[in-house]
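Trainee: Sequence and predicted model, in that order:
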Amino acid sequence: HVQLQESGPGLVKPSQTLSLTCTISGDALTTNYYIVSWIRQPPGKGLEWMGAITWTGGTFYASSLKRSTSSSRDTAKNQVTQELNAVTPEVAGMYYCGRALGYNGALEVWGQGIMVPVSS
């Protein structure tokens, strides 16, 4: 069955770049209509969609993050990477990757999430 697994640094310092990887098993991210999204949740707050990458490698981002985030993929490793530049302490929280099929599809498969602390 399909599984998504997030990985990343144990700690990131302010002004550094946060790089998170989503490894997909049981599926190929090049499958038609395959979309991997990143979602974050700051402590005590709701979920925020950050951006996504499609089966063709197309990317789109939340307007508030367009200038600070980017997505890429490694089709050989079946991985998606999300980078967030110049992080601030407000970036700390849980980060999830999720899979949808199609632009209107629901995020039906999620990774377990990874906690990202930000501290100097």
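Mentor: Received the coordinates, thanks.
Trainee: so what's the residue nearest in space to the middle of the chain bridging to?
Mentor: Centroid-nearest residue in the chain: residue 38, 3.0 Å away (criterion: CA atoms, centre = their mean). In this entry, residue 38 is beta-bridged to residue 51, residue 97, by DSSP bridges.
Trainee: which ones are touching it?
Mentor: Taking CB atoms under 8 Å, 6 or more residues apart in numbering, we find residue 38 in contact with 20, 22, 49, 50, 51, 52, 71, 82, 95, 96, 97, 98. Glycine gets a C-beta too; all of them are placed from N, C-alpha and C.
Trainee: Could you tell me how many residues sit around the fifth one?
Mentor: The local packing count at residue 51 equals 19, with neighbours defined by other CB atoms under 10 Å.
Trainee: Was I right to think it contacts residue 39?
Mentor: No - the pair residue 51 / residue 39 is not scored as a contact, 9.4 Å apart, by CB atoms under 8 Å.
Trainee: how close does residue 32 sit to residue 2?
Mentor: Plainly put, residue 32 is 15 Å away from residue 2 if you go by CB to CB, to the nearest Å.
Trainee: Same question for residue 10.
Mentor: Distance from residue 10 to residue 2, by CB to CB: 26 Å.
Trainee: Give the buried residues for stretch 110-120.
Mentor: 111, 113, 114, 116, 118 (16 or more other CB atoms under 10 Å).
Trainee: repeat for stretch 75-87
Mentor: By neighbour count on 16+ other CB under 10 Å, the buried set for stretch 75-87 is 78, 79, 80, 81, 82, 84, 87.
Trainee: for those, which one is nearest residue 26?
Mentor: Closest approach to residue 26 among the buried residues of stretch 75-87 (CB to CB): residue 78, at 9.5 Å.
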